[in-house]
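A.B. asks: task: produce atomic coordinates for the following.
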Amino acid sequence: MSLPFLPGNSFNPNLGRDKFHQPHHFDYVNNVAMNTGDDKKYKQNHSNIPRGTGAMAPAWVAFDKQVLKFDGYYKESVVERGSENYRVHAVRIYFYLEDDTIQVVSNKTTNSGMPQGTIVRRSRVSRPPPNDSTFYTIEDLNVGAQIEMYGKVFKLCDCDQFTRNFLRKLGVRIGEPEEVPLDPYNKHRKTEQEAMQPLRPYERIDKLGQFLEHSGHVLRFYLLWDDTSSLFGDMREFVLHYYLADDDIEVKEVIPNNAGRDTVPMFLNKGKLPKSVGGLPLPGKRADRTVLNVFGPMGRGGRYILDALKSGALAEEFYTDADLSVGSVINVWGRKMLICDCDEFTREYYKTKYGTEFQPIKVDRPTFPAPQREVPPYNGIGIYEDTLGNCDSLLPKPPGRDFMKFMEKDRNGLESNILRFAAVLLSKSKLDRERRFIVSLFLSDDTISVFEPLRNNSGITPGKFIERGRQEKPGQEKFSSKTPEFYKPNELYVGAKVCLQDFNFYLVDADEYTYNYMEKHSNEWPQANIDLVLYKLKSVLGGKSAEEVSAAVGCGGNDVTTYEKFRQGLMSISGGMLTEAEVITLARYYGCKPEQAVPAEVLRAAVQESLRRANFENFADLKKALMLRDTERSGWLFAAEVRKTCLAMHINIQNDLLSHFIARLGEDHGGNVDYNKFLQAINWRDYPVPISSSIPVPIRFDAQWTGTSEKDGVKQVNCRLLINDIF
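C.D. replies: Numbering: from 1, shown residues only. Next up is the predicted model:
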């Protein structure tokens with residue numbers, strides 16, 4: 001018999017203790033939270049699954065996505081209702097093998113009015129007291145077992161095949177499956193629903209089968225409505241969509257560009273299309289049901305009788321797929337539309353179902369000439385493209401330019417891409433005829449500018465004569481809607497007459513760069529094509545002999561004649577059929593020009609400059625390499641051997657410059673080169689040579705050219721070569 005819990009009858013549990021600290025069971029070991037106490041109450045228990053052969057994988061790897069499923073139920077007491085004492089709820093219990101968690105999901109019942117779905121979230125569920133310190137494992141689950149979770153007792157009735165096989169492998173004897181008992185309340189509700197009869201029984205029209213069979217199947221027809229009989233009417237095109245799932249029709253109008261009509265999404269919204277259109281029915285006449293007699297109060301408590309025979313219903317026919325065919329006319333709310341064509345799916349549908357093949361119908365539609373766009377005339381402000389830009393948009397943009405041509409023909413190093421001609425004015429005034437001008441043609445954008453150089457005591461101020469821009473050809477209306485024609489580059493050449501802003505110019509000469517450019521691009525300038533000029537000269541001479549031509553050009557007993565005699569002779573013998581540009585082309589091709597040899601000192605300076613820029617100073621190793629090739633120790637090597645040695649030493653000198661320099665050193669010795677002299681010549685450190693200012697440069701653009709320099713002109717012509725080529 002225990003003593004009562006009263007003062008004087010209890011013992012102090014702290015008697016004899018010398019440590020009064022509170023023990024703890026949880027701590028961090030290697031930064032991992034775990035149970036470090038000796039009390040087994042807080043140690044988690046897991047399912048004891050025997051290990052098989054193979055790799056020792058952890059449970060969360062070996063049993064990943066493996067779940068045991070049990071079917072069961074639990075009973076819920078009903079204490080506030082006299083017609084029932086309990087309810088049965090069917091559930092599904094899932095046991096996750098990877099972490100021994102449990103999830104309970106209830107089966108859904110229609111119109112139950114209760115929360116359904118997951119009733120126990122996935123987690124580890126503890127056993128009922130007094131074993132609440134442990135959790136349910138796989139040993140607690142079996143068919144026929146009862147488990148208690150959170151105050152509810154679940155009876156396991158059955159399991160799936162995977163669960164059955166898994167438990168059998170563990171050696172568990174599985175119980176016999178049981179049926180889930182019927183819920184008395186659900187049975188009572190089912191009986192009441194079967195006994196209930198609706199007050200207004202509607203006819204059930206089942207269209208589910210048609211919807212499932214033809215969902216997403218749409219027939220497409222192309223319609224034509226001839227509305228030309230009405231005022232301002234025309235022929236309009238439509239597209240009809242017939243939905244096979246519910247026999248609905250929609251019509252959409254095809255509105256062409258600039259038709260002047262509003263773009264509406266649909267001409268006829270989706271719905272039933274009646275075959276005949278009458279007047280608008282009175283309110284209440286079109287209804288699903290007809291009330292034959294009504295007595296009593298209106299609304300709640302009233303009595304009425306429905307017309308089961310539908311004696312007052314309106315009989316309305318709607319278009320179906322059997323009524324639509326190519327060539328037929330349908331009535332779209334009073335508009336007669338002709339079906340002209342259909343798509344490929346519609347053809348196959350009618351061919352399969354009705355055995356009908358459709359052929360498209362071609363309708364001759366009246367054609368009207370497209371109105372031409374009238375461009376207003378040039379207003380004199382800016383260029384012609386500015387006027388067109390004002391018509392294209394409300395916010396005009398600057399006219400575009402040929403960017404690729406600009407990048408190709410823009411100034412690039414020594415290539416200026418500017419053709420300059422010396423010109424004189426064709427005027428009755430003697431003062432104007434003595435004036436000289438420089439006509440510059442810019443190839444990047446085909447613009448032309450005219451400059452007048454300074455002439456002493458002329459009384460005329462030099463400078464810009466015509467601003468740079470595109471120059472119009474004469475004889476065109478200035479303020480016109482048509483874009484005028486402008487001078488092109490191939491229309492400017494020596495001997496051409498051009499009219500620039502009402503000033504008539506005659507091109508008498510060109511600079512050396514212009515002559516070379518036209519000769520390189522002879523496909524654009526036929527006057528600079530030597531083959532075409534020779535062919536024209538042969539046709540012009542006709543039956544004249546070589547002696548007559550030689551006497552005419554002033555050749556005589558010599559092969560060379562002056563340019564003036566050559567020009568006058570060709571003009572006289574051709575009867576003026578050759579132009580000045582063609583004569584100049586012949587003179588330049590057969591002209592005698594002195595060869596401009598590059599001095600040896602200039603070559604040596606260029607070689608030393610190349611080595612100086614590359615910072616090459618390894619002349620000793622180069623000498624050793626040359627001596628290795630000189631097996632006889634004579635101090636002389638062939639020019640090819642010296643060049644190979646330089647290339648092997650990776651000397652930074654251009655190949656053509658190196659070859660020309662070595663050949664110049666060996667031209668007096670039969671191709672042999674004194675390599676000691678060669679080393680001394682290229683040694684820029686010990687024997688430097690200053691760069692000469694007289695190094696010849698290629699033909700380039702001369703910004704100071706005024707049309708009077710004759711240092712590059714042709715002085716003499718070898719007429720003998722010309723006569724040999726002609727005859």
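
A.B. asks: so where's the longest helix in the chain?
C.D. replies: Using DSSP state H, we find that the single longest helix of the chain is helix 600-614.

A.B. asks: and it, how far out from the chain middle?
C.D. replies: Counting by CA atoms, centre = their mean, to the nearest Å, helix 600-614 is centred 52 Å from the centre of its parent chain.

A.B. asks: likewise stretch 580-596?
C.D. replies: That offset, for stretch 580-596, works out to 54 Å (CA atoms, centre = their mean).

A.B. asks: mean confidence score for that stretch?
C.D. replies: Averaged across stretch 580-596, pLDDT comes to 78.

A.B. asks: now it: buried residues?
C.D. replies: Neighbour-count burial for stretch 580-596 flags 580-591 (criterion: 16 or more other CB atoms under 10 Å). (Glycine included, C-beta is placed from N, CA and C.)

A.B. asks: lowest-scoring secondary structure element of the chain by mean pLDDT?
C.D. replies: Of all helical and strand segments in the chain, the minimum by mean pLDDT, DSSP states H and E falls on strand 291-295, at a mean of 68.

A.B. asks: for the stretch 451-600 of the chain, just list every one of the strands.
C.D. replies: With DSSP state E, counting those that start in this stretch as the criterion, the stretch 451-600 of the chain has strands at 463-469, 497-500, 503-510, 560-562.

A.B. asks: list the contacts of the shortest one.
C.D. replies: Pointing back at strand 560-562 there. 553-555, 569, 592, 715-720 (CB atoms under 8 Å, 6 or more residues apart in numbering).

A.B. asks: that older thread, run through the neighbouring helices and strands of the next helix-or-strand element following the longest helix of the chain.
C.D. replies: Moving toward the C-terminus from helix 600-614, the next helix or strand (DSSP states H and E) is helix 619-629. When contacts are defined as 3 or more CB pairs under 8 Å, 6 or more residues apart in numbering; DSSP states H and E, helix 619-629 packs onto helix 639-648, helix 675-682.

A.B. asks: and the end-to-end length of stretch 629-649?
C.D. replies: Terminal residues of stretch 629-649 are spaced 13 Å apart (CA to CA, to the nearest Å).

A.B. asks: for that stretch, give me every contacting residue.
C.D. replies: The contact list for stretch 629-649, computed with CB under 8 Å, 6+ apart, reads 618, 621-622, 625-627, 653, 658-659, 662-663, 665-666, 669, 671-676, 678.

A.B. asks: buried subset of those, written for ChimeraX?
C.D. replies: In ChimeraX, this line selects whichever of the contacts of stretch 629-649 come out buried by 16+ other CB under 10 Å:
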select :622,625,626,653,658,662,665,666,672,673,674,675,678
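
A.B. asks: what sits against Lys405?
C.D. replies: Lys405 makes contacts with 444-445, as judged by CB under 8 Å, 6+ apart.

A.B. asks: before we move on, the earlier item: need the max-distance pair from the buried residues of stretch 580-596.
C.D. replies: Greatest spacing in the buried residues of stretch 580-596, by CB to CB: Glu580 and Tyr590 (16.3 Å).

A.B. asks: pull the contacting residues for Phe70.
C.D. replies: Each residue near Phe70 by CB under 8 Å, 6+ apart is listed here: 92-95, 141, 143, 156-159, 163.

A.B. asks: ok, now Asn523?
C.D. replies: Asn523 sits next to Asn529 when contact means CB under 8 Å, 6+ apart.

A.B. asks: bridging residues for the closest residue to Ala496 other than its chain neighbours?
C.D. replies: Distances taken as CB to CB, 6 or more residues apart in numbering put Leu507 closest to Ala496, at 5.1 Å, once the chain neighbours are dropped. Beta-bridge partners for Leu507, by DSSP bridges, are Ala423.

A.B. asks: where does pLDDT dip in the stretch 301-450 of the chain?
C.D. replies: The stretch 301-450 of the chain contains residues with pLDDT under 70 at 301, 304, 308-309, 312, 413-414.

A.B. asks: ok, which stretches of it are strands?
C.D. replies: Assigned by DSSP E, counting those that start in this stretch, the strands in the stretch 301-450 of the chain fall at 303-306, 329-332, 335-342, 418-425, 436-442, 447-452.

A.B. asks: show me where the stretch 351-500 of the chain has helices.
C.D. replies: Per DSSP state H, counting those that start in this stretch, the stretch 351-500 of the chain carries helices over the ranges 384-392, 403-409, 430-433.

A.B. asks: for Asn9, find the nearest of those helices.
C.D. replies: The closest of the helices of the stretch 351-500 of the chain to Asn9 is helix 403-409. By CB to CB, the value is 110.7 Å.

A.B. asks: so who does the spatially closest residue to Phe486 that is not a sequence neighbour touch?
C.D. replies: With sequence-adjacent residues excluded and distances taken as CB to CB, 6+ apart, Phe486 is closest to Arg470, at 4.5 Å. Residues in contact with Arg470 (CB under 8 Å, 6+ apart) are 383, 445-448, 486-487.

A.B. asks: please repeat the previous calculation with a cut-off of 10 Å.
C.D. replies: Each residue near Arg470 by CB atoms under 10 Å, 6 or more residues apart in numbering is listed here: 383-384, 445-448, 484, 486-487.

A.B. asks: one more: Val277?
C.D. replies: Contacts for Val277 (CB under 10 Å, 6+ apart) come out as 331-335.

A.B. asks: element containing it, please.
C.D. replies: Short version, using DSSP H and E: Val277 is in no helix or strand.

A.B. asks: specify the beta-bridge partners of Val120.
C.D. replies: Counting by DSSP bridges, Val120 forms beta bridges with Val104.

A.B. asks: show me what contacts it?
C.D. replies: 91, 93-94, 102-106, 149-150, 152, 154.

A.B. asks: give the buried residues for the longest helix of the chain.
C.D. replies: 602-611.

A.B. asks: okay, angle between it and helix 619-629 too, please.
C.D. replies: 120 degrees (axes from the mean of the first three to the mean of the last three CA atoms, to 10 degrees).
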